[in-house]
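Chemist: Quick one, structure for this:
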Amino acid sequence: MADKQTSIAPWLSVSNAVKAVAFYKTAFDAVETYRLETPDGLVVKLSVNGAEFWISGDLNDHHNIKTLHALGGNTVRMILTVKDPDTFFANAISAGATEIFPVGVSHGWRLGRIADPFGLHWEIGYEIKE
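Modeler: Residues are numbered from 1 along each chain as shown. Just a heads-up that it's a prediction; the model follows:
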């Protein structure tokens with residue numbers, strides 16, 4: 001059996017998976033690495049420079065997955081660590097994200113925050129190493 005590294009990949013449940021996948025492909029240059037379409041809904045795995053996350057739309061209740069709207073707001077904030085946060089940030093805004101705060105330096109990080117069209121907040125940046 002080959003060595004398998006342990007990893008954790010977030011699974012984002014959104015109200016419209018098709019639109020979300022298109023947004024992340026445009027905003028973050030994400031690559032689709034897995035797709036499952038069933039009568040229950042759509043599940044997609046995306047990769048941004050090797051960092052993976054999952055997207056699904058509203059699935060039937062037997063899956064016991066609640067959307068952000070049902071929970072009353074954001075339940076998770078994503079941190080996208082990249083070498084060039086300015087470009088990623090600008091691409092996300094161009095793709096339809098809303099600026100929460102611009103890219104700048106604070107608390108040892110160069111980062112900015114956006115809200116994507118699905119209500120999720122993304123901090124985009126990197127830790128400044130001295």
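Chemist: give the contact list for the closest residue to residue 31 other than its chain neighbours.
Modeler: In space, residue 31 comes closest to residue 47 once its chain neighbours are excluded; the distance is 5.0 Å by C-beta to C-beta, 6 or more residues apart in numbering. Any C-beta I mention is one placed from the backbone N, CA and C, and that applies to glycine too. For residue 47, the contacting residues are 30, 31, 33, by C-beta atoms under 8 Å, 6 or more residues apart in numbering.
Chemist: repeat that with 10 Å
Modeler: By C-beta atoms under 10 Å, 6 or more residues apart in numbering, the contact set of residue 47 is 9, 28, 29, 30, 31, 32, 33, 34, 53.
Chemist: who does whatever helix or strand it lives in pair up with?
Modeler: Using DSSP states H and E, residue 47 falls within strand 41-48. With DSSP bridges as the test, strand 41-48 is paired with strand 31-38 (antiparallel), strand 51-56 (antiparallel).
Chemist: now the first one: how far from the chain's centre is it?
Modeler: Centroid separation between strand 31-38 and its chain, computed with C-alpha atoms, centre = their mean, to the nearest Å, is 15 Å.
Chemist: starting at the chain centroid, how far to stretch 77-88?
Modeler: 11 Å.
Chemist: for stretch 105-113, same thing?
Modeler: In terms of C-alpha atoms, centre = their mean, the centre of stretch 105-113 is set 18 Å apart from its chain centre.
Chemist: what about residue 87, neighbour count?
Modeler: 13 (other C-beta atoms under 10 Å).
Chemist: Tell me the secondary structure of it, please.
Modeler: helix (DSSP: H, G, I helix; E, B strand; the rest coil).
Chemist: Adding neighbour count, distance to residue 106 and pLDDT, write the contacts of residue 47 out as JSON lines.
Modeler: Formatted as JSON lines, the contacts of residue 47 follow (neighbours: other C-beta atoms under 10 Å; distance: C-beta to C-beta, whole Å; pLDDT from 0 to 100):
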{"residue": "9", "neighbour count": "11", "distance to residue 106": "27", "pLDDT": "88"}
{"residue": "28", "neighbour count": "24", "distance to residue 106": "22", "pLDDT": "96"}
{"residue": "29", "neighbour count": "13", "distance to residue 106": "25", "pLDDT": "96"}
{"residue": "30", "neighbour count": "22", "distance to residue 106": "26", "pLDDT": "97"}
{"residue": "31", "neighbour count": "14", "distance to residue 106": "30", "pLDDT": "98"}
{"residue": "32", "neighbour count": "13", "distance to residue 106": "33", "pLDDT": "97"}
{"residue": "33", "neighbour count": "10", "distance to residue 106": "33", "pLDDT": "96"}
{"residue": "34", "neighbour count": "11", "distance to residue 106": "35", "pLDDT": "95"}
{"residue": "53", "neighbour count": "19", "distance to residue 106": "24", "pLDDT": "95"}
